[in-house]
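*Asks:* make a model of this:
(4 chains)
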There are 2 protein chains.
Amino acid sequence: MPVKSLPVSAMELRSFPLLKPLREEMLTELASTARALEFAGNEVVFRAGEPAAALYGVLSGSVVLYRSSADGREQVVHDTGAGRTIAEAAVFQYGSFPVHARAGTRGARLAQVEGARFLAILDRDPAAMHSVLAALCRRLHELVDRVEILSLPDAGQRLARFLLRLPAEGRAGSFRVRLPVAKKDLAAQLAMTPETLSRVLKRWREQAWAVVLDDEIELLDAAALEQIAAES
Amino acid sequence: MPVKSLPVSAMELRSFPLLKPLREEMLTELASTARALEFAGNEVVFRAGEPAAALYGVLSGSVVLYRSSADGREQVVHDTGAGRTIAEAAVFQYGSFPVHARAGTRGARLAQVEGARFLAILDRDPAAMHSVLAALCRRLHELVDRVEILSLPDAGQRLARFLLRLPAEGRAGSFRVRLPVAKKDLAAQLAMTPETLSRVLKRWREQAWAVVLDDEIELLDAAALEQIAAES
DNA sequence: CGGAATCTTGAACGATTTCAACGGTAGTGG
DNA sequence: CCACTACCGTTGAAATCGTTCAAGATTCCG
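*Replies:* Numbers count the residues shown, from 1 in each chain, chains lettered A, B, ... in the order given. Take a look at the predicted model:
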């Protein structure tokens, strides 16, 4: 059992995409019965087969989801970090946990949210339910896009695709975008090193396709980039 | 306006992840007011600002979502193919389409599903709503996993991670998995060429970490693979 | 004014892709 | 039943691309 059990704030709950669309009063209600649990390293959070009475959000640390085979070997199904929620699907279907969960080796802080309470809130307010649905759909699209981008073998292609669907301003043929994150984080998001990102931009600059000023990039030859992005 | 408007079968609707969890009778009801629309190349499906009265599933061909800037330049936001649904988020929030949509250059066949009808079905049956939510959550997890895998720079790492969370059977230290798809498709899913996949498996074979028989792979040294997968 | 962090650039190495060829298998049509 | 073809999977060799390691430039912050 967890070392400590403390109250959770509505704000903390809002850090989870699943709960984010809820209105303030709903989050407060949810928070009233939610608990922040501190688990020691490798401590069990729940076991497969137990009724899924609550869903868990990872506040810090990590949680390992695993199956245990007959011989006691542990097969890791999942290894989730902060910001992820766990067991929502089981909760929505009134089911049991399909896998075991334990804290990572360095422990974890989890928000435990009563499943029934969450469902009740959604069931009594269709608009909130629709918001949650809409949010999930948007996030799904976003992820599908990221998978598509990450599947491209060429670093330039990945960057071009990413930039071309950023909100842009400018005229035909040439336009300007603002990077939403630091270059090093962008690089990570596009599965390349910062060095490679820098070099791709340099190459584009040399070919007069782009001008870079800090986090602003002026795409001079949209046609060229679109061709790169479309290749394959 | 579309060239043809034909009825859609419940079965066709089930091919979309969003609708898949619905019970047969619900799909039939949905299908009764749904239409399969055939769009010619580049034909407009809907315009930004119009009320989102329906959501669309791509049956074949592709749909391009785009914004148009003041000068008439067209910025592509999205390029979706068969199996994807469009505009669900807007429908769930009773909003307007945020972008324009047109068929790809080679046309498209779309299932047009009445948004109000879909919402009505879900609102009157909480269990169905919960199934849809659960399905979306599961798919979300799946995609987050894929993004994580695709972000790994090393081909061996990607394959190891993938294999280790496949349903497995076997004893401690050694177990067997069955590939869910052909090797060439697996390679594509892991963002590598079939050749590279073949070579990674060969290397593992030479190190006595694995034995491959068609689509069955015996992992002899789970510890070694786990270490590879965990690195970085 | 340090000092840290980000970004850039260079060079060398390593990995993966590419190109090419071959064996095996399944499906097709004679 | 047997070519014959087409596709998948494998292997080899070469080339390319990205990473790694190292260093310098710049900015921001204490």
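*Asks:* longest helix in chain A, by residue count?
*Replies:* helix A:126-150 (DSSP state H).
*Asks:* ok, A:L143 touching B:V147?
*Replies:* Yes. The pair A:L143 and B:V147 passes the contact test of C-beta atoms under 8 Å, sitting 6.2 Å apart. All C-beta atoms are positioned from the backbone trio N, CA, C, and that covers glycine.
*Asks:* quick one, strands of chain A?
*Replies:* Along chain A, the segments classed as strands by DSSP state E run A:4-7, A:35-39, A:44-46, A:54-68, A:74-80, A:85-86, A:100-114, A:168-171, A:174-178, A:210-213, A:216-219.
*Asks:* so of these, which one's packed in deepest?
*Replies:* When these are scored by mean count of other C-beta atoms under 10 Å in any protein chain shown, the highest mean neighbour count falls to strand A:85-86 (a mean of 24).
*Asks:* so what touches that one?
*Replies:* A:F16, A:P17, A:L18, A:L19, A:L55, A:Y56, A:G57, A:V58, A:V63, A:L65, A:T80, A:A101 (C-beta atoms under 8 Å, 6 or more residues apart in numbering or on different chains).
*Asks:* now with 7 Å, please.
*Replies:* With C-beta atoms under 7 Å, 6 or more residues apart in numbering or on different chains as the test, strand A:85-86 has contacts from A:F16, A:L18, A:L55, A:Y56, A:G57, A:V63, A:T80, A:A101.
*Asks:* related to what we said a few turns ago, comparing the strands of chain A, which yields the minimum mean pLDDT?
*Replies:* Lowest mean pLDDT within the strands of chain A: strand A:74-80, a mean of 68.
*Asks:* name the nearest residue to A:P153, sequence neighbours excluded.
*Replies:* Ranked by C-beta to C-beta, 6 or more residues apart in numbering or on different chains and with sequence neighbours excluded, the top spatial neighbour of A:P153 is B:A191, at 6.7 Å.
*Asks:* so that neighbour makes contact with B:S151?
*Replies:* No. B:A191 lies out of contact with B:S151 (C-beta atoms under 7 Å); the separation is 9.9 Å.
*Asks:* joint contacts of those two?
*Replies:* Common neighbours of B:A191 and B:S151 (C-beta under 7 Å, 6+ apart) are A:L150.
*Asks:* which of those two has more neighbours?
*Replies:* Using other C-beta atoms under 10 Å in any protein chain shown as the criterion, B:A191 and B:S151 rank with B:A191 on top: 20 against 17.
*Asks:* list the residues that contact the more buried one.
*Replies:* A:L150, A:S151, A:P153, B:L150.
*Asks:* burial check on the residue nearest to A:A229 when sequence neighbours are not counted, number of neighbours?
*Replies:* Leaving aside its sequence neighbours, A:A229 sits nearest to A:A160 (C-beta to C-beta, 6+ apart; 4.0 Å). Around A:A160 there are 26 other residues, counting by other C-beta under 10 Å.
*Asks:* again with A:I149
*Replies:* For A:I149, using other C-beta under 10 Å, the count is 21.
*Asks:* and the pLDDT at it?
*Replies:* 91.
*Asks:* is it true that A:R158 touches A:L152?
*Replies:* Yes. Counting by C-beta under 7 Å, A:R158 touches A:L152, with 5.0 Å between them.
*Asks:* looking at those two, which is more packed in?
*Replies:* Counting neighbours by other C-beta under 10 Å for A:R158 and for A:L152 shows that A:R158 has the greater number, 24 against 20.
*Asks:* do you know the pLDDT at that one?
*Replies:* pLDDT at A:R158 comes out at 95.
*Asks:* residues contacting it?
*Replies:* A:I149, A:L152, A:L190.
*Asks:* and the residue nearest to A:R106 when sequence neighbours are not counted, how far from DNA strand D?
*Replies:* Distances taken as C-beta to C-beta, 6+ apart put A:G41 closest to A:R106, at 5.6 Å, once the chain neighbours are dropped. Going from A:G41 to DNA strand D by C-beta to the nearest atom of the strand, to the nearest Å gives 28 Å.
*Asks:* quick one on the thing from earlier: what residues does the longest helix of chain A touch?
*Replies:* A:17-18, A:20-23, A:26, A:121-122, A:158, A:161-162, A:190-191, B:88-89, B:92-93, B:119, B:123, B:129, B:133, B:136, B:139-140, B:143-144, B:146-147, B:150-151, B:191.
*Asks:* any quick ChimeraX command for the buried ones out of those?
*Replies:* Typed into ChimeraX, the line below selects the buried ones among those, using 16 or more other C-beta atoms under 10 Å in any protein chain shown:
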select /A:17,18,21,22,26,121,122,158,161,162,190,191 /B:88,89,92,93,119,129,133,136,139,140,143,144,146,147,150,151,191
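*Asks:* just the contacts of helix A:126-150 that are near DNA strand D?
*Replies:* A:A191 (C-beta under 7 Å from any atom of the strand).
*Asks:* contact residues of chain A facing DNA strand C?
*Replies:* Checking chain A against DNA strand C by C-beta under 7 Å from any atom of the strand, the hits are A:153, A:182-185, A:194-195, A:197-199, A:201-202, A:212.
*Asks:* inside helices: which ones of these?
*Replies:* Using DSSP H, the subset of the residues of chain A next to DNA strand C located in helices is A:K183, A:K184, A:D185, A:P194, A:E195, A:L197, A:S198, A:R199, A:L201, A:K202.
*Asks:* buried members of these into ChimeraX, please.
*Replies:* To isolate in ChimeraX the members of these that are buried, counting by 16+ other C-beta under 10 Å, one can use:
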select /A:197,201
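*Asks:* need phi/psi at the residue nearest to A:R106.
*Replies:* phi -50, psi 130 (degrees, to the nearest 10).
*Asks:* tell me if I'm right that it and A:T105 touch.
*Replies:* Yes. The criterion here is C-beta under 7 Å, and A:G41 meets it with A:T105 at 4.7 Å.
*Asks:* tell me the domain boundaries of chain A?
*Replies:* Domain assignment for chain A, taken from automatic domain parsing, gives A:4-144, A:152-230.
*Asks:* turn those domains into TSV, including distance to B:F46.
*Replies:* Below are these laid out as TSV (distance: least, C-beta to C-beta, whole Å):
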stretch	distance to B:F46
domain A:4-144	16
domain A:152-230	19
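*Asks:* which one of the ones you listed lies closest to B:V8?
*Replies:* Across those, B:V8 has its closest neighbour in domain A:4-144 (20.3 Å, C-beta to C-beta).
*Asks:* the closest residue to A:V211 other than its chain neighbours bridge partners, please.
*Replies:* Leaving aside its sequence neighbours, A:V211 sits nearest to A:E218 (C-beta to C-beta, 6+ apart; 4.3 Å). Taking DSSP bridges, one finds A:R176, A:V211 as the beta-bridge partners of A:E218.
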